[in-house]
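Colleague: Based on what follows, work out the 3D shape:
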Amino acid sequence: MESTQRAVGYPTLFLLVALGSLVPVVPTGALVSTAAVVAFHQSEPFALLLVFLVASSAAFIGDMALYWLGRRGVHSRNGSRWLEALRKRVPQARLAQAEEKLGNHSRTVLVLSRLVPAGRIPVMLACLLGEMPLRQFARGDVTACLAWAAAYQLIGILGGSLFDEPWKGVVVAVALTLLVSGAPAVWRRLRAGV
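Modeller: Numbering: from 1, shown residues only. As a prediction, this is how the structure comes out:
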């Protein structure tokens with residue numbers, strides 16, 4: 001039974017996280033946390049390491065595919081028009097400031113964008129606007145994906161360690177993930193209401 005779960009579970013986790021990186025509607029953080037809870041309760045010694053490796057590599061491959069598609073689209077005939085129209089809407093001083101910060105702190109910005117809910121796509125767009133080379137983006141994104149997988153896996157381990165039964169840990173891990181994901185939006189609404 002456990003070997004069947006591994007044969008189906010890890011490839012499914014990989015596909016869903018990669019898909020979630022391409023189409024940001026899949027709750028990838030909750031998936032990683034849930035997989036970490038299940039791995040925590042397995043007797044398999046390397047289960048948590050496998051979850052970490054599968055999740056981080058899937059996130060990286062998905063991010064790279066999305067960035068590559070973005071660069072390809074930006075340099076296409078209609079994409080270059082779209083980029084130019086977008087560039088005209090952004091004040092030049094702000095664009096120059098964003099490009100400078102990305103140039104000086106690209107790895108830190110990419111890591112934070114991966115950890116902050118809904119932060120990855122705007123930063124990726126800024127990287128495209130700043131014409132960041134694919135290799136430079138990849139170097140920063142590796143660190144970002146590793147930090148992201150570790151953070152959500154820790155949420156899962158915390159949820160899994162609180163209960164003897166994995167399903168209870170899954171509920172707690174998903175609740176914590178939703179809390180972490182929703183906190184910035186709640187904070188923005190509270191600040192806007194003040």
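
Colleague: the bottom helix or strand of the protein by mean pLDDT?
Modeller: helix 77-89 (a mean of 67; mean pLDDT, DSSP states H and E).

Colleague: what's the residue most central in space within the chain in contact with, if anything?
Modeller: Closest to where the C-alpha atoms of the chain average out (C-alpha atoms, centre = their mean) is Arg114, at 4.6 Å. Contacts of Arg114 were listed using C-beta atoms under 8 Å, 6 or more residues apart in numbering, and they are 59, 120, 141, 144-145, 147-148. In this view, the C-beta of every residue, glycine as well, is placed from N, C-alpha and C.

Colleague: which one is it nearest to, not counting chain neighbours?
Modeller: Once flanking residues are discounted, Arg114 sits nearest to Ala144: 3.8 Å by C-beta to C-beta, 6 or more residues apart in numbering.

Colleague: And Arg77, how close does it get to Ala65?
Modeller: According to C-beta to C-beta, to the nearest Å, Arg77 and Ala65 sit 22 Å apart.

Colleague: Also Lys168?
Modeller: Taken as C-beta to C-beta, the span from Lys168 to Ala65 is 36 Å.

Colleague: now the protein, which segments are flagged as low pLDDT?
Modeller: Applying pLDDT under 70 to the chain picks out residues 1-8, 79-98, 173, 177-178, 180-188, 194.
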